[in-house]
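S.K.: this one's structure only:
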């Protein structure tokens, strides 16, 4: 598209970390006015809605320091440098909920907070699950198994508060009719 | 809840900006192992799904520098320091799509990326809309009006890629039956 965009005048690097980077850009708007954009960099992640043959979804419950709460989420994880998406899906499914999927279906790709965050999330439905237990990297991660329709109710009641999990569960429920 | 959490050992402040802050915490896990948490701070935002009496939803199309794309989103904005949520809803509706709402209904509160980001988003359905044009702060913001059912189709086709907009549209469609 040849639509007007914001032209970068100057970039200041603030931080390069394990999970995020931060840069501040001075940009010129199409009107000619200049402003500042604080941009948080993240290398992207996958989220997986694993649904059993009985229509249950496997969720994980974990403490999240950034929001100081225990949250119920779909299995997910950051894409390692150079890692293919399918390899990341398989790794996270095995590590977090101890299964392997025979079949994946892409549900959506979305931006969690595009006003300042580069992170992109790829959400997949995972089916034909078989047990596949590996050493779990994560500490204090509890697996929860509930019918998909009940997970959707948990979204409507505000009990599932994580964007990728809300989106994954609502789209999976639309697709399989929960 | 008295469940085990991550105890903060040390905090290093990295950045304090207009939109985000950044701190790095050394934490002790319940197992005793220590690790690092990079935490991006954001003061929270509202998103609004404005639905007309004919069942259309008002959306905005804007360029987002962080992801270098033009995105279709629901009207939204950051909560100013000390601002009440209802005042923020009214301000953003007027500034971004030129309407006032007679009635609001809370749809959900969610975390866009709770693994590292403190941001919380409050999503509201807005009804009984009347024109209320004010000076628009935003540059290059285009208003789009589509039936709610069509907006839901745009989510399913991957044409709406922003978390708050996907969540707001799917929940509003569930509620009003689009």
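M.R.: Happy to help now that I have it. Please read all numbers here as calculations on a predicted model, not as lab measurements.

S.K.: state the phi and psi torsions of residue A:8.
M.R.: Torsion angles at residue A:8 (phi, psi; degrees, to the nearest 10) stand at phi -80, psi 130.

S.K.: with adjacent residues omitted, what lies nearest to it?
M.R.: residue A:25 (5.2 Å; C-beta to C-beta, 6 or more residues apart in numbering or on different chains). (C-beta placed from N, C-alpha, C; glycine too.)

S.K.: secondary structure class for that neighbour?
M.R.: Following DSSP: H, G, I helix; E, B strand; the rest coil, residue A:25 is assigned to strand.

S.K.: now it: how far from residue B:66?
M.R.: 9 Å (C-beta to C-beta, to the nearest Å).

S.K.: joint contacts of those two?
M.R.: In terms of C-beta atoms under 8 Å, 6 or more residues apart in numbering or on different chains, residue A:25 and residue B:66 are both contacted by the residues A:37, A:39.

S.K.: circling back to that earlier point, in the sheet, which residues pair with the residue nearest to residue A:8? Tell me.
M.R.: On the basis of DSSP bridges, residue A:25 is bridged to residue A:11, residue A:37.

S.K.: with neighbour numbers in mind, choose between residue A:25 and residue B:66.
M.R.: residue B:66 (21 against 18; other C-beta atoms under 10 Å in any protein chain shown).

S.K.: spit out the contact partners of that one.
M.R.: Neighbour list for residue B:66: A:37, A:39-40, A:114-118 [criterion: C-beta under 8 Å, 6+ apart].

S.K.: next: residue A:44.
M.R.: Contacts of residue A:44 by C-beta under 8 Å, 6+ apart are A:78-79, A:119-122.

S.K.: please apply the same query to residue A:119.
M.R.: A:40, A:42, A:44-45, A:111-113, B:113.

S.K.: restricted to strands, list the residues you listed.
M.R.: If you go by DSSP state E, those have A:40, A:45 in strands.

S.K.: for ChimeraX, write the selection for the buried entries among the contacts of residue A:119.
M.R.: Of those, the buried ones go into a single ChimeraX selection, burial set by 16 or more other C-beta atoms under 10 Å in any protein chain shown:
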select /A:40,42,45,111,112,113 /B:113
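
S.K.: tell me the one among the contacts of residue A:119 nearest to residue B:87.
M.R.: If you rank the contacts of residue A:119 by distance to residue B:87 using C-beta to C-beta, residue A:113 comes first, at 22.0 Å.

S.K.: dihedrals phi and psi, the residue in chain A sticking out farthest from the centre?
M.R.: Distance from the C-alpha centroid of chain A peaks at residue A:32, with 35.9 Å (C-alpha atoms, centre = their mean). Backbone torsions of residue A:32, given as degrees, to the nearest 10, read phi 100, psi -20.

S.K.: same question, residue A:172
M.R.: Per-residue torsions, residue A:172: phi -60, psi -40 (degrees, to the nearest 10).

S.K.: that one - nearest residue in space that isn't next to it in sequence?
M.R.: Of all residues not flanking residue A:172 in the chain, residue A:49 sits nearest, at 4.4 Å (C-beta to C-beta, 6+ apart).
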